[in-house]
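Need the 3D shape of this:
(2 chains)
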There are 2 protein chains.
Amino acid sequence: MDHGIDLGAVLLAFASALVGAKLFGSLAERVGQPAVLGELLAGVILGPSVLGLVPLSGGIFLLAEIGVILLLFEVGLETDLEELLRVGGPALAVAVTGMALPFGGGFAVARLLGYGPLTSVFVGAALTATSIGITARVLSELGVLKTREGQIILGAAVIDDVLGLVVLAIVSAVAEKGELSAAGALRTGVFSTLFLVVALGAGIPLGRWLVNLVGASRVRGILVASAVAFALLVAWGARKAESAPIVGAFAAGLALARTNRRHDIDHAVKPIVDIFAPVFFVYVGAEVDVRLLNPAVAANRPALLLGIELTVVGLLGKFLAGFAAWGKVRRAFIGAGMVPRGEVGLIFASMGLATKALPEGVFVAVLVAVFATTFVTPPLLKLLRPSAA
Amino acid sequence: MDHGIDLGAVLLAFASALVGAKLFGSLAERVGQPAVLGELLAGVILGPSVLGLVPLSGGIFLLAEIGVILLLFEVGLETDLEELLRVGGPALAVAVTGMALPFGGGFAVARLLGYGPLTSVFVGAALTATSIGITARVLSELGVLKTREGQIILGAAVIDDVLGLVVLAIVSAVAEKGELSAAGALRTGVFSTLFLVVALGAGIPLGRWLVNLVGASRVRGILVASAVAFALLVAWGARKAESAPIVGAFAAGLALARTNRRHDIDHAVKPIVDIFAPVFFVYVGAEVDVRLLNPAVAANRPALLLGIELTVVGLLGKFLAGFAAWGKVRRAFIGAGMVPRGEVGLIFASMGLATKALPEGVFVAVLVAVFATTFVTPPLLKLLRPSAA
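Residues are numbered from 1 along each chain as shown, chains lettered A, B, ... in the order given. Sure, this is the predicted structure:
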């Protein structure tokens, strides 16, 4: 009856993740840090390399993914599409600069250290994609999602996600066939951009129709069930269109934000996000293998050193990209908001390791940079937040 | 990165389950039936034997289990422990009678048809356990959870679940070693009863302590996250104590119902249940293989006939057990509430098939009885509900 899922283990891990997330989240807040930093740290401690209470199993992975999908759906619900489009120019500039600088920096560092062009391309690529989940969560916690800075960061992170998938298509083609495929990259770019346009173009009238349809029904929970089903379907469609599920869920939220039941849906989705989003942040933390970070072990040192260099490049690249924005905005805050890398960086690194484009030591260094940029962002954003908030 | 979970497939199945459940639930209500009947039917249609949109995969299984665990947690939250204990006598009488009659009936039918004692024991055992999930959901939908009848049914279903596990321990020992193990049965009985006592005895002060502890915190979602973590931990503990996770979740709900944040927790848990419980009912429906139910196929007929006989025995046995209750109550309604079989019946049947105690044809007949009793209950309860409700 278990179909490969150990229900008991998942229940214990799910409960541990919630307890750990809220305990460390509270502690983080008590020392003036965003709660999400505590949730990430809880994941490190609960994960396989320390306590082993939260394994990186299929069941927990699924709950984590549902968590981040619903989180982005909620963020979409709370975002005004028109305001987002109004900052489209600066967001695009920030996104493009924020991909070019870390890519160039990462590539240059790897080349200077004597690595081949293929390895260097992977190192650069892994530093390009901003983690929209971490960023959205911190912005929401700081209450700055709706500021101009928050909107630019959010818009840039979405564009960044789309561009990141284009880079992924290029790099994976390079790794598999050893050659650059402009056609594949173009295809992914066109597909995932088209998807966003279609999802919003069709999603807005569809969402209104759906809300009207179920509005009359008195079946329990039909509004929230329909809204979540809508989000899951658009997330699934995004994946099919070679885009990311979280981008789809965000688009679904933007669409339903334009219905007259926006607040009812948001209100009902919040507790679901409260339960599942922490699993995502704990899962990200659990992926950190602390044994590789011990500088007392001589074998770890080269990777750690390279990791620190890549962290500096990754941090500076995104931070400086914030200054590509224009208007009366706090550019340093925008740059800081683009710093965290997440899932997409890990996918690049895993793919590089699997195709042998990244030697083991470089793989670990990339992981260090991905996690260091993730962990440094919450306090950095808190430090730099606009006084208006 | 997928750990054996096909995220795209789960997203599509999850969304389909929600859309199907709400669509068929609305249709069921429109023809005067409880919504859960529509959700079960939606599962049959979405399941592998018809449309194949909801597979019986590990991911969907996990979401379904979380759904039924949180559903029982919610039912526990809305139940008054003292009122439940007040109907303890009649509930125990209903539970014991409701296990003895279907067991005896099923055993006798199988023996009369010439099956051996081992096969007959499995047939009888598979008809014993009431599905607490289906029953609780229908009672809640009809608004009769808090009537005396509702309390007796709920209490009897919980006792039934504990007794069902004892029977499971006996039967599995018989199947494995070919002999009756009184020690094993006693152990399971003592363990799972002790667990309930300890879960409530320790759970009530622990729940109060927890609610006070997090009451002061302003971390977002900490109350609902702590409450759900508590429910998951008790559900996990129940499994460890050889009881069922849903019994643990129900006990956790009973414990938190005695805190001063009962209504806040209930309010936040509702939308989570709205999203996940339908997955459970759709999953149960999806387990029905309609191809085996076609009477036009001659090979299906013997199993169908035996299935109908077992359905009648299973239905009458539980229905008559309702008359073991005393006091000023509607006994026919109580009997009807005990009729649905669910997960536990399926576990018996699967175990019987795996250990070859049940021939394929008898296995199918048992499945027919399990599903028929499940599908017949919602309309039956609606028909017989006390006029007070």
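
what's around the closest residue to chain B within the stretch 51-200 of chain A, how many residues?
Proximity of the stretch 51-200 of chain A to chain B (C-beta to the nearest C-beta) peaks at A:Gly58, 3.9 Å away. Bear in mind the C-beta positions are built from the backbone N, C-alpha and C, glycine included. If you count neighbours by other C-beta atoms under 10 Å in any protein chain shown, A:Gly58 ends up with 22.

do the same with A:Gln33
For A:Gln33, using other C-beta under 10 Å, the count is 18.

Shouldn't it be within a helix?
No. With DSSP: H, G, I helix; E, B strand; the rest coil as the criterion, A:Gln33 is assigned coil and is not in a helix.

Toward the C-terminus, what is the element adjacent to the helix or strand hosting A:Ile134?
Per DSSP states H and E, A:Ile134 falls inside helix A:132-142. Helices and strands here follow DSSP H and E; after helix A:132-142, the next one along the chain is helix A:148-177.

what packs against the helix or strand of chain A with the lowest mean pLDDT?
Least confident helix or strand, chain A: helix A:343-354 with a mean of 76, by mean pLDDT, DSSP states H and E. When contacts are defined as 3 or more C-beta pairs under 8 Å, 6 or more residues apart in numbering or on different chains; DSSP states H and E, helix A:343-354 sits against helix A:117-126, helix A:148-177, helix A:360-384.

least reliable of the ones you listed going by mean pLDDT?
Lowest mean pLDDT within the helices and strands packed on helix A:343-354: helix A:148-177, a mean of 81.

Now do the buried residues in it.
A:148-175 (16 or more other C-beta atoms under 10 Å in any protein chain shown).

Those residues: which ones sit near chain B?
When contact is defined as C-beta under 8 Å from any C-beta of the partner chain, the buried residues of helix A:148-177 do not meet chain B at all.

which stretches of chain A have low pLDDT?
A:1-3, A:173, A:176-181, A:343, A:387-389 (pLDDT under 70).

Helix or strand for the closest residue to A:Ala369 other than its chain neighbours, just tell me which one.
Sequence neighbours aside, A:Leu310 is the residue nearest to A:Ala369 in space, at 3.7 Å (criterion: C-beta to C-beta, 6 or more residues apart in numbering or on different chains). A:Leu310 belongs to helix A:301-321 when assigned by DSSP H and E.

Contact partners for A:Gly98?
Under the criterion of C-beta atoms under 8 Å, 6 or more residues apart in numbering or on different chains, the contact list for A:Gly98 reads A:Thr128, A:Thr130, A:Ala156, A:Asp160, A:Gly317, A:Lys318, A:Ala321, A:Gly322, A:Ala324, A:Met338.

my bad, A:Leu254
A:Gly76, A:Leu77, A:Thr79, A:Leu81, A:Leu84, A:Leu200, A:Gly203.

neighbours around the nearest residue to A:Val171 once chain neighbours are set aside, how many?
In space, and not counting its chain neighbours, A:Val171 is closest to A:Ala125: 4.7 Å by C-beta to C-beta, 6+ apart. Close neighbours of A:Ala125, defined as other C-beta under 10 Å, add up to 30.

What of the one 3 residues further on?
Residues within reach of A:Thr128, counting by other C-beta under 10 Å, total 28.

residues contacting it?
So A:Thr128 contacts A:Gly98, A:Met99, A:Pro102, A:Phe103, A:Asp160, A:Leu163, A:Gly164, A:Val167 (C-beta under 8 Å, 6+ apart).

Next one: the residue nearest to A:Ala369 from A:Val364, what distance?
Going from A:Leu310 to A:Val364 by C-beta to C-beta, to the nearest Å gives 11 Å.

cool, and A:Gly335?
Distance from A:Gly335 to A:Val364, by C-beta to C-beta: 26 Å.

How many residues are close by A:Pro295?
Neighbour number of A:Pro295 under other C-beta under 10 Å is 9.

Does it touch A:Leu305 like I think?
No. A:Pro295 sits out of contact with A:Leu305 when judged by C-beta atoms under 8 Å, with a separation of 9.3 Å.

For the stretch 151-300 of chain A, what lies in contact range of chain B?
A:214, A:217-222, A:224-226, A:228-230, A:232-233, A:235-236, A:239-240, A:245, A:268-275, A:278.

Out of the residues you listed, which end up buried?
Counted by 16+ other C-beta under 10 Å, these give A:214, A:217, A:219-222, A:224-226, A:228-230, A:232-233, A:235-236, A:239, A:245, A:268-275, A:278 as buried.

List the ones among those that fall in helices.
A:214, A:222, A:224-226, A:228-230, A:232-233, A:235-236, A:239, A:245, A:268-275, A:278 (DSSP state H).

The stretch 1-150 of chain A against chain B: which residues are in contact?
A:1-5, A:7-8, A:10-12, A:14-15, A:18-19, A:21-22, A:25-26, A:29, A:35, A:56-59, A:61-63, A:65-66, A:69, A:141.

Please pick the buried ones from those residues.
A:5, A:7-8, A:10-12, A:14-15, A:18-19, A:21-22, A:25-26, A:29, A:35, A:57-59, A:61-63, A:65-66, A:69, A:141.

surely A:Leu380 meets A:Ala336?
Yes. Applying C-beta under 8 Å, one finds A:Leu380 in contact with A:Ala336, separated by 4.6 Å.

Comparing these two, which shows the higher neighbour count?
Neighbour totals were compared for A:Leu380 and A:Ala336, and A:Ala336 leads with 28 against 21 (other C-beta under 10 Å).

does that one count as helix, strand or coil?
helix.

Next one: it relative to B:Gly201, how far apart?
51 Å.

Same question for A:Asp160.
Taking C-beta to C-beta, one finds A:Asp160 at 54 Å from B:Gly201.

same question, A:Gly237
Taking C-beta to C-beta, one finds A:Gly237 at 50 Å from B:Gly201.

More neighbours: those two, which one.
A:Gly237 (22 against 11).

quick one: contacts for that one?
Taking C-beta under 8 Å, 6+ apart as the criterion, A:Gly237 is in contact with A:Phe195, A:Ala199, A:Gly248.

how about a cut-off of 7 Å?
A:Ala199, A:Gly248 (C-beta atoms under 7 Å, 6 or more residues apart in numbering or on different chains).

Pick out the residue nearest the middle of chain A.
Residue closest to the mean C-alpha point of chain A, counted by C-alpha atoms, centre = their mean, is A:Ser131 at 2.7 Å.

Out of A:Leu310 and A:Val364, name the residue with the larger neighbour count.
The residue with more neighbours, out of A:Leu310 and A:Val364, is A:Leu310; 28 against 22, by other C-beta under 10 Å.

Quick check: that one vs B:Phe73, distance?
Counting by C-beta to C-beta, the gap from A:Leu310 to B:Phe73 is 45 Å.

Surely A:Leu11 touches B:Ala235?
Yes. Under the criterion of C-beta atoms under 7 Å, A:Leu11 makes contact with B:Ala235 at 5.6 Å.

Touching both of the two, which residues are there?
Taking C-beta under 7 Å, 6+ apart as the criterion, A:Leu11 and B:Ala235 both touch B:Pro245.

Can you give the distance of stretch A:185-197 from its chain's centre?
19 Å (C-alpha atoms, centre = their mean, to the nearest Å).

ditto for stretch A:37-44
16 Å.

who's in contact with A:Val10?
A:Gly59, A:Ile60, B:Leu62.

Please tabulate those residues in a markdown table and include distance to B:Val368 as additional columns.
What follows is those, written out as a markdown table (distance: C-beta to C-beta, whole Å):
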| residue | distance to B:Val368 |
| --- | --- |
| A:Gly59 | 31 |
| A:Ile60 | 36 |
| B:Leu62 | 27 |
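
can I get these in TSV with secondary structure and distance to B:Arg331?
Formatted as TSV, the contacts of A:Val10 follow (DSSP: H, G, I helix; E, B strand; the rest coil; distance: C-beta to C-beta, whole Å):
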residue	secondary structure	distance to B:Arg331
A:Gly59	helix	43
A:Ile60	helix	46
B:Leu62	helix	39
